[in-house]
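> could you work out the structure for the sequence below:
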Amino acid sequence: MSNITSQTIELYAKQLRLPTFNHYIDVIRQIGNNKSYEDFLISLMKMELDCSRFEYFTEAFVHELASCDFVSKRQNIVMIGNPGT
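Sure, this is the predicted structure:
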C-alpha cells in the first residue's frame, strides 16, 4: 500500500474520530482472505466499539483516583481529552 493511501486513511480516521480504523491491517490479517467486505467492515466497527477511549488507564488506577488520595498527597491530576469524555 502506498504511503499516500495510508496517510489518507489516517487523516479520514482522525477527522471521523475513529482511531481504531488506523489498525485496519490487523483486522484484515485476523479475518483472513475468505471473508467478505461486510465481514471486514463488521470486524472493524466491532473493534472500534470495543476500543477503550482510556486505553492507558487500568481499573486499579481508576479506583486509586476514586479514593482521592492525591488530594492529601497534594498531587495534581491532569486529564486531557475531548469534551464529554
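> contacts only, for the residue nearest in space to the middle of the chain.
In the chain, the C-alpha nearest the mean C-alpha coordinate belongs to residue 51, at 4.5 Å (C-alpha atoms, centre = their mean). Residues in contact with residue 51, defined by C-beta atoms under 8 Å, 6 or more residues apart in numbering, are 19, 20. Glycine gets a C-beta too; all of them are placed from N, C-alpha and C.
> tell me the pLDDT of the residue in the chain sticking out farthest from the centre.
Residue farthest from the centre of the chain, counting by C-alpha atoms, centre = their mean, is residue 72 at 32.7 Å. Note for residue 72: predicted pLDDT of 92.
> also residue 40?
83.
> and the next element down the chain from the host helix or strand of residue 11?
Taking DSSP states H and E as the definition, residue 11 sits inside helix 3-15. Downstream of helix 3-15, the next assigned helix or strand under DSSP H and E is helix 24-31.
> same for that following helix, what does it pack against?
helix 37-50 (3 or more C-beta pairs under 8 Å, 6 or more residues apart in numbering; DSSP states H and E).
> by how many degrees do the helix it packs on and helix 3-15 diverge?
Interaxial angle of helix 37-50 relative to helix 3-15 (axes from the mean of the first three to the mean of the last three C-alpha atoms, to 10 degrees): 50 degrees.
> what packs against helix 37-50?
helix 24-31.
> quick one: buried residues of the helix it packs on?
For helix 24-31, a neighbour-count test (16 or more other C-beta atoms under 10 Å) marks 24, 27 as buried.
> now do stretch 37-44
Residues of stretch 37-44 classed as buried: 43, 44 (neighbour count, 16+ other C-beta under 10 Å).
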